[in-house]
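J.: Here is the input, now give the coordinates:
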Amino acid sequence: MSRFVRASKYRHVYGNATKRDQCYDNLKVTRNAWDTNLVKANPLFISVNLEASGGGAFAVIPHGTTGKLSETLPVYNGHTAAVLDTDFNPFNDHVVASASEDCKVMVWTIPEGGPTESVNTPALTLSGHARKVGHVLFHPTADNLLASSSADYTIKLWDITSGKERQELTGHTEIIQSLAWNYNGTCVVTTCKDKRLRIFDVRSNKVVQETNGHAGIKGARVSWMGNAPRIVTTGFSRTSDRQVFIYDTQNLAEPLKQENIDTASGMLMPFFDADTSVLYLAGKGDGNIRYYEWVDDEKGLYFLSEYKSAEPQRGISFLPKRAVNVAECEVARAYKVHVSLVEPISFKVPRKLEGFQSDLYPDTVGAEPSLTVDEFFAGKTADPKLISLEGGFTATAVAKEFVTSGPAVEATTEKLPQTDKEYQEAYHALRKENEDLKNQVTSRDLRIRQLEGQLESLSKK
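T.: All right, here's what the predicted structure looks like:
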């Protein structure tokens with residue numbers, strides 16, 4: 001056996017847990033069974049899908065608002081059914097989109113410092129899907145371009161400045177389980193319940209590559225591996241082994257790399273850091289987060305280490321790379337969803353050197369768009385604009401104005417029951433209304449029979 005240890009800057013990366021008083025505690029996280037990450041993060045806020053009676057809600061929480069949160073936490077509650085997914089606009093930290101079981105996509109604005117009261121009127125409502133909307137994902141280079149996938153087997157691309165649908169992607173035969181943009185946003189890759197992996201040219205609505213994915217029936221996830229022509233998928237084998245596949249996007253016939261992880265039952269959520277070529281795998285229901293380094297050689301995927309915890313995760317999301325703490329050699333920060341809290345986990349490279357570590361932090365994706373929506377659909381292509389982290393990154397706390405000409409939904413004035421007494425009163429009121437409606441139907445049936453008898457008698461004369 002060779003004693004050679006492969007050199008890597010990230011071989012000793014470790015995950016640092018956060019004390020409970022620095023977590024986001026006392027949250028009523030949704031119990032919906034839809035496969036989603038439950039949480040999203042940007043440089044200023046995190047969004048969390050919540051359990052709500054009589055509709056759907058999610059919270060937007062500033063990074064500094066930690067500890068035990070108030071029972072009356074401000075929420076965004078304009079949906080009439082459960083919120084399934086959210087995503088922040090990468091070019092405006094004060095805009096967030098949400099997808100729901102009510103078949104709608106809503107776009108919301110966030111005030112400076114975060115919301116101080118609940119909001120039930122969105123800035124924009126996007127209607128067009130025939131069934132529940134499972135995912136929303138902003139475009140990586142074009143400003144204000146949003147993708148949404150639905151259980152109606154379609155993906156729609158929306159211009160949120162006008163509220164208009166710009167493209168619809170068709171070709172799926174079952175529910176879309178996950179989607180991801182490529183580096184410059186010209187293509188979308190999807191996993192589907194029909195076990196097929198598809199790459200779409202979004203401007204022409206053409207499937208440019210398609211292949212069989214994981215053979216298991218429990219679902220699959222996909223992520224694009226930065227600027228390289230690679231995608232990573234996670235799923236299950238026929239015998240329920242959890243798997244990771246790496247594909248060359250120019251030829252999906254066979255995976256470049258196949259690796260069985262274990263036999264646990266939870267979905268593996270993949271997150272690829274393009275700047276470090278590190279792949280993070282977090283399993284639903286697991287307490288650990290594995291991470292691997294991808295190298296373009298014969299072996300390809302090298303196991304680095306894993307973050308271990310006794311607390312299982314229900315969902316997870318990673319902070320955009322531009323917002324990590326470079327002074328502490330932080331290379332990634334995850335937000336892990338527990339039953340009633342969200343915990344930040346910082347991944348760091350152990351170094352004692354002073355100053356900026358340029359080898360750890362190549363130029364990364366910034367917060368400025370490369371294209372407008374019209375330029376993108378006119379055929380123009382551009383890579384994301386990159387920034388240096390040498391001087392650190394400071395998010396703009398001043399809210400950037402978001403203007404849309406699309407329709408918003410009027411706020412509902414109906415007050416939902418809050419206490420047991422109010423629920424009982426509402427129940428009896430609905431029961432009385434039901435009885436009144438039954439009586440009206442019965443009386444109308446009698447009147448119809450009378451009129452039919454009169455008509456029959458007239459026809460005999």
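J.: ok, Arg166 - how many residues close by?
T.: Counted with other Cβ atoms under 10 Å, residues neighbouring Arg166 total 18. All C-beta spots, glycine's among them, are computed from the backbone N, C-alpha and C.
J.: isn't it right up against Thr372?
T.: No. With contact defined as Cβ atoms under 8 Å, Arg166 does not count as touching Thr372 (11.8 Å).
J.: what are the bridge partners for the closest residue to Lys380 other than its chain neighbours, then?
T.: Nearest residue to Lys380, sequence neighbours excluded (Cβ to Cβ, 6 or more residues apart in numbering): Leu371, at 5.9 Å. Beta-bridge partners for Leu371, by DSSP bridges, are Ala142.
J.: can you pull the contacts of Leu371?
T.: Going by Cβ atoms under 8 Å, 6 or more residues apart in numbering, Leu371 touches Thr141, Ala142, Asp143, Lys380, Ala382.
J.: Narrow these to just the buried residues.
T.: The neighbour-count test (16 or more other Cβ atoms under 10 Å) marks Thr141, Ala142, Asp143 as buried among the contacts of Leu371.
J.: how about a markdown table for those, with distance to Asn205 and pLDDT added?
T.: What follows is the buried ones among the contacts of Leu371, written out as a markdown table (distance: Cβ to Cβ, whole Å; pLDDT from 0 to 100):
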| residue | distance to Asn205 | pLDDT |
| --- | --- | --- |
| Thr141 | 19 | 97 |
| Ala142 | 17 | 97 |
| Asp143 | 22 | 96 |
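J.: Trp181: which of the residues you listed is nearest?
T.: Using Cβ to Cβ, Thr141 comes nearest to Trp181 of the buried ones among the contacts of Leu371, at 8.7 Å.
J.: pretty sure the closest one is in contact with Gly366, am I right?
T.: No. With contact defined as Cβ under 8 Å, Thr141 does not reach Gly366; the gap is 11.1 Å.
J.: joint contacts of these two?
T.: Joint contacts of Thr141 and Gly366 (Cβ under 8 Å, 6+ apart) are Pro384.
J.: Longest helix in the chain, please.
T.: Across the chain, the longest stretch assigned as helix under DSSP state H is helix 420-460.
J.: what mean pLDDT does that one have?
T.: Averaged across helix 420-460, the pLDDT comes to 79.
J.: So for stretch 387-405, what gets flagged as buried?
T.: For stretch 387-405, burial by neighbour count (16+ other Cβ under 10 Å) applies to Ile387, Leu389, Phe393, Ala399, Phe402, Thr404.
J.: Give me the phi and psi for the first one.
T.: The main-chain torsion angles of Ile387 are listed as degrees, to the nearest 10 and equal phi -130, psi 160.
J.: How about the one 5 residues further on?
T.: In terms of degrees, to the nearest 10, the main-chain angles of Gly392 are phi 80, psi 170.
J.: wait, it sits on Ala327?
T.: Yes. Using Cβ under 8 Å, Gly392 is in contact with Ala327, at 7.1 Å.
J.: that older thread, quick one, grab the pLDDT at the residue nearest to Lys380.
T.: 96.
J.: what's the spacing between it and Val105?
T.: According to Cβ to Cβ, to the nearest Å, Leu371 and Val105 sit 21 Å apart.
J.: just to revisit the earlier point, and of the buried ones among the contacts of Leu371, the nearest to Trp294?
T.: Minimum distance to Trp294 across the buried ones among the contacts of Leu371 is 22.9 Å, recorded for Thr141 (Cβ to Cβ).
J.: ok now do the nearest residue to the closest one once chain neighbours are set aside, which residues does it touch?
T.: Distances taken as Cβ to Cβ, 6+ apart put Ser370 closest to Thr141, at 4.3 Å, once the chain neighbours are dropped. Under the criterion of Cβ under 8 Å, 6+ apart, the neighbours of Ser370 are Thr141, Ala142, Ala382, Asp383, Pro384, Lys385.
J.: Likewise for Pro62?
T.: Listed by Cβ under 8 Å, 6+ apart, the contact partners of Pro62 are Leu44, Phe45, Gly113, Gly114.
J.: tell me the contacts of Leu84?
T.: Leu84 makes contact with Asn32, Trp34, Thr36, Asn49, Ala99, Ser100, Glu101, Lys132, Val133, Gly134, His135 under the criterion Cβ under 8 Å, 6+ apart.
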